[in-house]
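Novice: Build the 3D model from these lines:
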Amino acid sequence: MDRLRSVDDLKAWRDRLSAARKPDLPTLVIPAGTCGLASGAGDLVRVAQREILSRGLAGRIHLRVTGCHGFCQMEPSVLVEPRRTFYPKVSMKDMVRIVEAAAGGKVVEGLLFRDSATGEVIEKQDDIPFFRLQRRTILAPNEKMDPVLLEDYVAQGGYAAAAKVLGGGDPKSVVEAVKESGLRGRGSPTLPSMERIRAVSSPQTNAPAPLTRWMSNENGVPRMPFPRRPAFQAAVRATFRFRMASGYSLRT
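Specialist: Next up, the predicted model:
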């Protein structure tokens, strides 16, 4: 990938990634968070890869390994997009059938979720009570991202907050936004995040160039300062090393 030298470069890259995606392509989504891996998700990934290659389905069906989707008691599970078919507690033998069905646009009826309260068989994940009764504002994009692929993160809006701050050119507005939010930070309830940001946002004496400070979203601890020029290059360096090993969020 080419080096990103500006916020506009980031936006152009995101547009190219979005244009290259094929939303209608059958995609097997396997959650591989801690609960999924402990339940056998790794085996499902290997079986899916083997079946896709041995059946000559590369290019006709896609495999995406993500972090946890939240329904831990039903792991290992498989979500088939774009139909949104949900298969709970999938075995290695089941995975073979799922790959075959997904490639043909079919559903394996015997593997679908069954509501323990009503006995109803439910195909689509969004109709299952566990998901239907939620408003998923953070975990929802998790289904769209392989946590080791930076491209997936950027395509789903990754670095948008950093781009907004760098493009705005007004550090005071950032401090005021945190102040108005009332965020206190995790790990230090006695010192609000805004106080930490204010402490490091004052003008630096004898500094050769303006500095951009990146802070942890956990407790507001300041990270290494970077020269603002080229600002976005510094942003990528500061955040890339925190690429997630789970599917929840990128810590910057």
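Novice: contacts and neighbour counts: CA atoms only from here.
Specialist: Fine.
Novice: what helix or strand is residue 14 on?
Specialist: Element membership of residue 14 [criterion: DSSP states H and E] is helix 7-20.
Novice: For residue 143, which residues are in contact?
Specialist: By Cα atoms under 8 Å, 6 or more residues apart in numbering, the residues touching residue 143 are 29, 31, 66, 67, 69.
Novice: could you dump these to JSON lines with distance to residue 101, secondary structure and neighbour count?
Specialist: Converted to JSON lines, those look like this (distance: Cα to Cα, whole Å; DSSP: H, G, I helix; E, B strand; the rest coil; neighbours: other Cα atoms under 10 Å):
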{"residue": "29", "distance to residue 101": "14", "secondary structure": "strand", "neighbour count": "24"}
{"residue": "31", "distance to residue 101": "19", "secondary structure": "strand", "neighbour count": "32"}
{"residue": "66", "distance to residue 101": "21", "secondary structure": "strand", "neighbour count": "23"}
{"residue": "67", "distance to residue 101": "24", "secondary structure": "coil", "neighbour count": "27"}
{"residue": "69", "distance to residue 101": "22", "secondary structure": "coil", "neighbour count": "23"}
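Novice: would you list the residues you listed in CSV and tack on distance to residue 166?
Specialist: Formatted as CSV, those follow (distance: Cα to Cα, whole Å):
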residue, distance to residue 166
29, 34
31, 33
66, 29
67, 29
69, 32
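Novice: What is the helix or strand hosting residue 30 packed up against?
Specialist: Applying DSSP H and E as the criterion places residue 30 in strand 27-31. With contacts defined as 3 or more Cα pairs under 8 Å, 6 or more residues apart in numbering; DSSP states H and E, the packing partners of strand 27-31 are helix 41-54, strand 62-66, strand 78-81, helix 92-103.
Novice: okay, those, which one's buried deepest?
Specialist: Highest mean neighbour count of those: strand 78-81, a mean of 23 (counted as mean count of other Cα atoms under 10 Å).
Novice: That one: how far from the chain's middle?
Specialist: Remark: strand 78-81 is offset 16 Å from the chain centroid, using Cα atoms, centre = their mean, to the nearest Å.
Novice: Now do it, average pLDDT.
Specialist: Averaging pLDDT along strand 78-81 gives 97.
Novice: Which residue, other than its chain neighbours, is closest to residue 98?
Specialist: Spatial nearest neighbour of residue 98, excluding adjacent residues (Cα to Cα, 6 or more residues apart in numbering): residue 108 at 6.6 Å.
Novice: Around that neighbour, how many other residues sit close by?
Specialist: Applying other Cα atoms under 10 Å, we find 16 residues neighbouring residue 108.
Novice: Just put the contacts of residue 143 in JSON lines and tack on pLDDT and distance to residue 129.
Specialist: Shown next, in JSON lines, are the contacts of residue 143 (pLDDT from 0 to 100; distance: Cα to Cα, whole Å):
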{"residue": "29", "pLDDT": "96", "distance to residue 129": "20"}
{"residue": "31", "pLDDT": "94", "distance to residue 129": "19"}
{"residue": "66", "pLDDT": "93", "distance to residue 129": "22"}
{"residue": "67", "pLDDT": "91", "distance to residue 129": "21"}
{"residue": "69", "pLDDT": "91", "distance to residue 129": "14"}
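Novice: Among these, find me the one that's closest to residue 144.
Specialist: Nearest to residue 144 out of those is residue 66 (Cα to Cα; 7.6 Å).
Novice: For that closest one, which residues are in contact?
Specialist: Counted by Cα under 8 Å, 6+ apart, residue 66 has contacts 29-33, 142-147, 246-247.
Novice: hang on, the earlier thing: which stretch among the helices and strands packed on strand 27-31 approaches residue 2 most closely?
Specialist: strand 62-66 (24.4 Å).
Novice: Extract the CA atoms of that closest one and return them as PDB.
Specialist: Taking C-alpha atoms only, strand 62-66 is exported to PDB below (Å, rounded to 0.1, in the frame of the first residue of the first chain):
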ATOM      1  CA  HIS A  62     -15.500 -15.700   0.900                       C
ATOM      2  CA  LEU A  63     -14.300 -16.600   4.400                       C
ATOM      3  CA  ARG A  64     -14.000 -13.900   7.100                       C
ATOM      4  CA  VAL A  65     -12.600 -14.600  10.600                       C
ATOM      5  CA  THR A  66     -13.700 -12.000  13.100                       C
END
